[in-house]
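Colleague: Take this sequence and fold it.
(chains A and B)
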Amino acid sequence: MSSLQQLPQRRQRRSVVTGIGVIAPNGVSTEVFWKATREGMSVIDLVTREGCEQLPLKVAGEVRDFDPAVLIEERYLVQTDRFTHFAMAAANLALDDARLGRADYNDSPFAVGVVTAAGSGGGEFGQRELQHLWGQGSKHVGPYQSIAWFYAASTGQISIRGGFKGPCGVVASDEAGGLDALAHAGRTIRRGTDAVVVGAAEAPLAPYSVVCQLGYDDLSRVADPYRAYRPFTEAACGFVPAEGGAMLVVEEETAALDRGAPVRAVVAGHTATFTGAARWEESREGLAHAITGALEDARCAPEEVDVVFADAFGVPAADHAEAHAIADALGRHATEVPVTAPKTGTGRAYCGAPVLDAAAAVLSMEHGVVPPTPNVFEVNHDLDLVTVSARPAELRTALVLSRGLMGSNAALVLRKCPSGSPS
Amino acid sequence: MSAELTFDELALLMKKGAGLPVEPADLAERADATFAEFGLDSLGLLGIVGELENKLDRPLPNDAERSRTPRDFLDLVNTVPTTGA
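Modeller: This is a model prediction of the structure:
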């Protein structure tokens, strides 16, 4: 029976963040993004993208200072939409940050996978080709239309460009899918993959895409960039959309340590629920259940949560539901834990938004500071919302929340990793 | 476009349609190398066929998008069909 005793103890394969890449309205690198986030800069501004100027959506978070031709080879540019340009550029930054290069996986390309979340796909590319179709005829539609506007395009192109042959996937589960993608990466790693390039980036600021969003009652129509998106206040009047997002490199902990990679945080727990489109009252129960589930998954007590990155939807009923969900799930700790929503300075980049929050959460834990919630001053909920300026705090556990317009709710627990000490 | 398709024009089409910076001289010299070796995938070739058909205002042979090499492609495109079959 000695063979049984010799079986190695099968430890759960733990997922850790080793790289962060950000392409956001407030920074086209992780460093600039973090500086702007910590300073509480608001970059919501008038919509200037071509063809959008006359539309009723007046302000948004545009990614400016982004020249895809500098970052991505032309052969990929011609066959992809702006949302994929963002994702590919962010993936590159994340891989550089993780110091994960071809030499690391040349001999084991099947050990690296790709997962993205997407809310709408390549609207700008699709619009251009549909205009060719109806303006000039079917023979003038390019073949790359077949792949560029598909919501799976970013996963595919990142995989092809990097030579990642491991499990690839796309999560289409509404805005909260950004967190679900990180959980999916964690499951992929548990099943044996060493590393996953994971995240989301969106490009909803093009004429066709903006017109699609005009149907959302919850979209802010306020033209003043500083007043358009003020969740948790009396002045809450809807949300401001944004483009961009983030990609992370998530690795199996021992694989990361073996190659000497910087271990930034542990992806410790996640739960997703669904409570129906625009049923904000019901999202209270759904989000509370997601928080409780994520904490159980992470074996984390409510009191251990050091900071909450709120969904901060910006519609009174939704904000009310979120504040109560946090209280339902965290109990008395809910009024003591610092809560923040940095996205009020950038707008909501749909699936990209919660990944940006996850990136900010990791950076917050590393720097020991809770970034503020720009443009929000008088909070009318029983939450300790961090406003005006960043607050220093020792942060070991962060809770990231996200909800989508279509009724998805998700919670993700990230924990700081004591350097070089796998547990 | 009445004259025959040249390597120069094919290189231009590859650049415009598929974003591939290919030197015409290189294309001529390695005319028997596969399109894949130049980085052109099947969708890229399909796009070039469509672009050419619009320019020539006539359909290319059915097999055009299945050409394996630049030489195969030029031979096929420059062989004007004399019969319907």
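
Colleague: Show me the shaky parts of the chain.
Modeller: By default, I'm working from chain A. Across chain A, the ranges flagged by pLDDT under 70 are A:1-11, A:418-423.

Colleague: look at chain B instead
Modeller: B:1-3, B:80-85.

Colleague: Can you pull the residues of it lying near chain A?
Modeller: B:17-21, B:39, B:43-44, B:46-47, B:50, B:53-54 (C-beta under 8 Å from any C-beta of the partner chain). Any C-beta I mention is one placed from the backbone N, CA and C, and that applies to glycine too.

Colleague: let's see it at 7 Å
Modeller: Within chain B, the residues that sit near chain A (C-beta under 7 Å from any C-beta of the partner chain) are B:18, B:19, B:20, B:21, B:39, B:43, B:46, B:47, B:50, B:53, B:54.

Colleague: Quick check: phi and psi at residue A:301.
Modeller: Dihedral pair for residue A:301: phi -80, psi 150, per degrees, to the nearest 10.

Colleague: re earlier: please spell out the ChimeraX selection for the buried subset of the residues of chain B next to chain A.
Modeller: Here is the ChimeraX command that selects the buried residues among these (16 or more other C-beta atoms under 10 Å in any protein chain shown):
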select /B:18,19,20,43,46,47,50
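
Colleague: a markdown table for the residues of chain B next to chain A, including secondary structure?
Modeller: Below are these laid out as a markdown table (DSSP: H, G, I helix; E, B strand; the rest coil):
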| residue | secondary structure |
| --- | --- |
| B:18 | helix |
| B:19 | coil |
| B:20 | coil |
| B:21 | coil |
| B:39 | coil |
| B:43 | helix |
| B:46 | helix |
| B:47 | helix |
| B:50 | helix |
| B:53 | helix |
| B:54 | helix |
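
Colleague: So which of the residues of chain B next to chain A is the closest to residue A:147?
Modeller: Top of the list for closeness to residue A:147, among the residues of chain B next to chain A and by C-beta to C-beta, is residue B:43 at 7.2 Å.

Colleague: Number of residues surrounding the residue lying closest to that closest one once chain neighbours are set aside?
Modeller: Using C-beta to C-beta, 6 or more residues apart in numbering or on different chains and skipping the chain neighbours, the partner closest in space to residue B:43 is residue A:143 (4.4 Å). Number of residues near residue A:143 (other C-beta atoms under 10 Å in any protein chain shown) recorded here: 22.

Colleague: Pull the contacting residues for residue A:409.
Modeller: Residues near residue A:409 by C-beta atoms under 7 Å, 6 or more residues apart in numbering or on different chains: A:176, A:272, A:273, A:275, A:283, A:286, A:287, A:290, A:403.

Colleague: just to revisit the earlier point, pick the one among the residues of chain B next to chain A closest to residue A:251.
Modeller: Of the residues of chain B next to chain A, the one sitting nearest to residue A:251 (C-beta to C-beta) turns out to be residue B:39, at 30.1 Å.

Colleague: Tell me who's in contact with the closest one.
Modeller: So residue B:39 contacts A:75, B:20 (C-beta under 7 Å, 6+ apart).

Colleague: Now do the phi/psi pair for it.
Modeller: phi 90, psi 10.

Colleague: What residues does the residue of chain B found nearest chain A make contact with?
Modeller: At 3.6 Å from chain A, residue B:19 is the closest residue in chain B, using C-beta to the nearest C-beta. Residue B:19 is in contact with A:74, A:75, A:77, A:78, counting by C-beta under 7 Å, 6+ apart.

Colleague: Number of residues surrounding the first one?
Modeller: The number of residues packed near residue A:74 is 14, by other C-beta under 10 Å.

Colleague: related to what we said a few turns ago, out of the contacts of residue A:409, which comes closest to chain B?
Modeller: residue A:176 (32.8 Å).

Colleague: list the contacts for the closest one?
Modeller: By C-beta under 7 Å, 6+ apart, the neighbours of residue A:176 are A:272, A:354, A:402, A:403, A:404, A:408, A:409, A:410.

Colleague: what does residue A:141 give?
Modeller: A:129, A:132, A:133.

Colleague: Where does the last one fall, secondary structure wise?
Modeller: Per DSSP states H and E, residue A:133 falls inside helix A:123-136.

Colleague: What residues of whatever helix or strand comes next after that helix count as buried?
Modeller: Sequence-wise, the next helix or strand downstream of helix A:123-136 (DSSP H and E) is helix A:145-148. For helix A:145-148, burial by neighbour count (16+ other C-beta under 10 Å) applies to A:145, A:147, A:148.

Colleague: try stretch A:367-376
Modeller: Buried residues in stretch A:367-376 (16+ other C-beta under 10 Å): A:369, A:370, A:371, A:372, A:373, A:374, A:375, A:376.

Colleague: in the stretch 151-300 of chain A, which spans are helices?
Modeller: A:153-162, A:177-190, A:207-213, A:253-258, A:280-297 (DSSP state H, counting those that start in this stretch).

Colleague: go on, chain B?
Modeller: Secondary structure of chain B (DSSP state H): helices at B:7-18, B:24-29, B:42-56, B:70-78.

Colleague: Tabulate those helices (a markdown table), appending distance to residue A:247.
Modeller: Supplementary listing: the helices of chain B in a markdown table, determined by distance: least, C-beta to C-beta, whole Å:
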| stretch | distance to residue A:247 |
| --- | --- |
| helix B:7-18 | 25 |
| helix B:24-29 | 35 |
| helix B:42-56 | 25 |
| helix B:70-78 | 36 |
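
Colleague: Domains in chain A, by residue range?
Modeller: As given by automatic domain parsing, the domain ranges for chain A are A:15-258, A:268-416.

Colleague: Can you say which of those domains is nearest to residue B:72?
Modeller: Of all those, domain A:15-258 comes closest under C-beta to C-beta, at 19.3 Å.

Colleague: Can you get me the start-to-end distance on that closest one?
Modeller: 14 Å (C-alpha to C-alpha, to the nearest Å).

Colleague: Next, count neighbours for residue B:25.
Modeller: Other residues close to residue B:25 by other C-beta under 10 Å number 11.

Colleague: again with residue A:306
Modeller: Residue A:306: 19 neighbours (other C-beta under 10 Å).

Colleague: List the residues that contact the residue nearest to it when sequence neighbours are not counted.
Modeller: Excluding the flanking residues, the one nearest residue A:306 by C-beta to C-beta, 6+ apart is residue A:395, at 4.4 Å. Counting by C-beta under 7 Å, 6+ apart, residue A:395 touches A:306, A:307, A:364, A:365, A:368, A:416.

Colleague: roughly how far apart are residue A:395 and chain B?
Modeller: 44 Å (C-beta to the nearest C-beta, to the nearest Å).
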